[in-house]
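>>> Curious how this folds, go ahead:
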Amino acid sequence: MDHNVVIRDLTSAANGRRLHPRLESVHQDPLGLLDEITEALRVYWDRVLAPHWPRLLAILEGDVRYRASKLADEGAQGLFRDIDRGLSWGNGALSLDEPGLEADIAVRGRGLTFTPSLFCNRAVSLVDHLQPPRLFYPARGRGTAWGANPVAGRRVADLVGKTRAQLLEALGEPLSTTELARRLGLSQGAVSQHLGILHRAGLLDRARQGHAILYSRSVLGDRLMA
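Below you'll find the predicted structure:
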């Protein structure tokens with residue numbers, strides 16, 4: 001990588017503020033600092049994210065499928081309204097109400113990349129005039145990324161059991177048996193059995209999407225979780 005790119009990106013990230021003392025060596029040895037940052041990110045991945053990645057990936061993939069279906073059913077206006085209240089679409093322009101940001105970016109064939117995230121609670125943008133624009137938004141189901149809601153788990157598990165309470169918590173969005181199994185670390189057979197019981201009890205709805213059957217909480221299921 002060109003050392004000028006490292007200097008430019010770190011300076012841009014500082015946004016006018018003084019670089020942290022640990023990063024000031026970028027002007028003397030930018031590629032050496034890049035190696036250190038890369039190694040720190042590798043260690044972070046190994047210790048924090050890798051053990052949970054199958055479940056995290058299932059949430060992100062589920063969000064992408066949901067957004068694609070939303071776009072197909074309701075068009076761009078419905079898609080952006082569902083992502084974030086600060087997003088709006090009209091007259092071929094996408095507007096984002098983001099504090100501290102005032103910019104008018106012309107895509108002009110570069111594309112606009114949408115990235116679901118487990119680490120933000122509202123839509124945020126990355127504006128770099130040298131790169132295609134990118135927008136990060138909260139992934140659906142991110143609340144289950146690190147386990148089921150403890151309050152729901154305690155109250156509902158006493159009634160329907162721990163595993164079924166976890167399934168009900170996760171099914172605030174439509175998910176398949178495979179996605180649920182990956183997210184909760186269970187076998188597909190066990191998930192299928194519990195889903196059948198919850199569906200017969202009227203707590204779940206199900207609908208076919210392509211070759212998959214997606215489950216989601218029914219009105220009764222929502223009332224139970226509330």
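>>> Which residue comes closest to Gly221 once chain neighbours are left out?
Setting aside the residues directly before and after it, Gly221 is nearest to Leu203 in space (CB to CB, 6 or more residues apart in numbering), at 3.9 Å. No exception for glycine: its C-beta is placed from N, CA and C like everyone else's.
>>> what residues are up against that neighbour?
Going by CB atoms under 8 Å, 6 or more residues apart in numbering, Leu203 touches 160, 168, 217-218, 220-221, 224.
>>> Can you pull out the low-pLDDT segments for the protein?
When residues are selected by pLDDT under 70, those of the chain lie in 1, 100-103, 127-129, 143-144, 146-153, 226.
>>> pretty sure Phe114 contacts Arg67?
Yes - assessed by CB atoms under 8 Å, Phe114 is found in contact with Arg67 at 7.3 Å.
>>> for the residue nearest to Gly221, phi and psi?
With angles defined as degrees, to the nearest 10, Leu203 shows backbone torsions of phi -90, psi -10.
>>> Please enumerate the shared neighbours of Phe114 and Arg67.
Ile83.
>>> Helices along this structure, start to end?
Ranges of helices within the chain are 3-14, 30-44, 53-83, 150-160, 162-170, 177-184, 188-200, 219-225, based on DSSP state H.
>>> tilt between the longest one and helix 162-170?
Read that as helix 53-83. Counting by axes from the mean of the first three to the mean of the last three CA atoms, to 10 degrees, helix 53-83 points 30 degrees away from the direction of helix 162-170.
>>> In helix 53-83, which of the residues would be classed as buried?
If you call a residue buried by 16 or more other CB atoms under 10 Å, then helix 53-83 has these buried ones: 55-56, 58-60, 62-63, 65-67, 70, 79-80, 82-83.
>>> which residue packs closest to the residue positioned nearest the centre of the chain, ignoring adjacent ones?
Of all residues in the chain, the one closest to the mean position by CA atoms, centre = their mean is Ala139, 2.7 Å from it. Closest residue to Ala139 apart from its sequence neighbours, by CB to CB, 6+ apart: Pro116 at 3.7 Å.
>>> Could I get the contacting residues of the one you found?
Residues in contact with Pro116, defined by CB under 8 Å, 6+ apart, are 60, 63-64, 67, 136-140.
>>> Quick check: phi and psi at the residue of the chain positioned farthest from its centre.
Relative to the centre of the chain, and counting by CA atoms, centre = their mean, the farthest-placed residue is Gln28 at 37.1 Å. Gln28 has phi and psi values of phi -90, psi -40 when expressed as degrees, to the nearest 10.
>>> Distance of it relative to His3?
Gln28 is 10 Å from His3, where distance means CB to CB, to the nearest Å.
>>> Ok, Leu126 next?
The gap separating Leu126 from His3 is 22 Å, by CB to CB.
>>> One more: Leu184?
As it turns out, when the distance is counted by CB to CB, Leu184 lies 46 Å from His3.
>>> same deal with Leu171?
With CB to CB as the criterion, Leu171 and His3 are 49 Å apart.
>>> between those two, who's got more neighbours?
The neighbour count for Leu171 versus His3, taken as other CB atoms under 10 Å, is higher for Leu171 (25 against 15).
>>> wait, that one sits on Ser216?
Yes - the criterion here is CB under 8 Å, and Leu171 meets it with Ser216 at 5.4 Å.
>>> any common contacting residues for those two?
Between them, Leu171 and Ser216 have Leu204 as joint contacts when contacts are counted by CB under 8 Å, 6+ apart.
>>> returning to that earlier point: can you pick out the most distant pair from the buried residues of helix 53-83?
Between all members of the buried residues of helix 53-83, the longest pairwise span (CB to CB) is found for Arg55 and Phe80 and amounts to 27.3 Å.
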